[in-house]
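> Any chance you could fold what I've pasted below:
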Amino acid sequence: MTLWALIGSAVIAVVAYALLSGFLTTYRRYRGKHVITCPQNSQSASVRVDAFKAAHWAAISGDPVLRLSSCSRWPENAGCGQECLSELKESPESCAVKTIVSQWYAGKSCVYCSHEIGPIVWHERPPAVRSEEGIIREWTDIAPETLPQVFRTHEPVCFNCSLAERLLHDHPEMIVKRNYRPEHKPTLAPTHTTY
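Now for the predicted structure:
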């Protein structure tokens, strides 16, 4: 390999790394659902950014071009000016649904077992919530734009209690509840006699 081929390969590798790292960083930052305050009605709305396009422009020009790919207020307001993107551009991590929900659980304990919820592992052991009526709901069943209302009216439930309570609710015929009575152990009467 000649010196020029080696220098050319190194330059290509550096450029590819710069483009790819900018692409991946921007893509991770804007992917997924976000909750914003809609400027038109000052209500919460769930949005998705076209993360691929934003990452593409960030890799090329260094500045992401943000456009919404979906909004909970569409199709009724599909022609809006997307002014909410300024909120997303300012702080995309704080608008992410997982961040908002994780912050709500911080320092909270399960309503059933009183154990602290702790760090959330979304793909393995996601916590749930209990409504005022006592119904357990998973986060996949909750619309992101309703988060402020859910935070006011629901209580946190850990993963283990969520599983147990849903099983008890959905399949009561499979549950055997045993009432354990403490075992009576005979005790000797106290005595002052020495043996």
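> which residue sits closest to the spatially most central residue of the chain, ignoring its sequence neighbours?
The centre of the chain sits closest to residue 98, judged by Cα atoms, centre = their mean, with a distance of 2.4 Å. The shortest distance from residue 98 to any residue other than its chain neighbours is 6.3 Å, reached at residue 122 (Cβ to Cβ, 6 or more residues apart in numbering). Where you see a C-beta, it was placed from the backbone N, CA and C, and this is true even at glycine.
> Burial check on the one you found, number of neighbours?
A count of neighbours around residue 122, defined by other Cβ atoms under 10 Å, yields 11.
> got it, and residue 36?
Neighbourhood size, residue 36 [other Cβ under 10 Å]: 22.
> next one: residue 136
For residue 136, the count of nearby residues is 21 (other Cβ under 10 Å).
> bridging residues for it?
On the basis of DSSP bridges, residue 136 is bridged to residue 130.
> Surely it is in contact with residue 112?
No - Residue 136 is beyond contact range of residue 112, at 9.6 Å (criterion: Cβ atoms under 8 Å).
> Next, show the common contact partners of those two.
Residues within reach of residue 136 and of residue 112 at once, by Cβ atoms under 8 Å, 6 or more residues apart in numbering, are 157, 165.
> OK, contacts around the closest residue to residue 29 other than its chain neighbours?
Among residues not flanking residue 29 along the chain, residue 92 sits closest, at 4.9 Å (Cβ to Cβ, 6+ apart). With contact set as Cβ under 8 Å, 6+ apart, residue 92 has these partners: 29-30, 34, 49.
> can you tell me which of those are in strands?
34, 49 (DSSP state E).
> Just put the contacts of residue 92 in CSV and tack on neighbour count.
Below are the contacts of residue 92 laid out as CSV (neighbours: other Cβ atoms under 10 Å):
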residue, neighbour count
29, 18
30, 25
34, 25
49, 26
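> okay, who's weakest in the contacts of residue 92 by pLDDT?
Across the contacts of residue 92, the bottom pLDDT score, 78, is held by residue 30.
> my guess is that one meets residue 52, correct?
No - Residue 30 lies out of contact with residue 52 (Cβ under 8 Å); the separation is 9.2 Å.
> what residues are shared contacts of these two?
Common neighbours of residue 30 and residue 52, using Cβ under 8 Å, 6+ apart, do not exist here.
> Cheers, nothing more for now.
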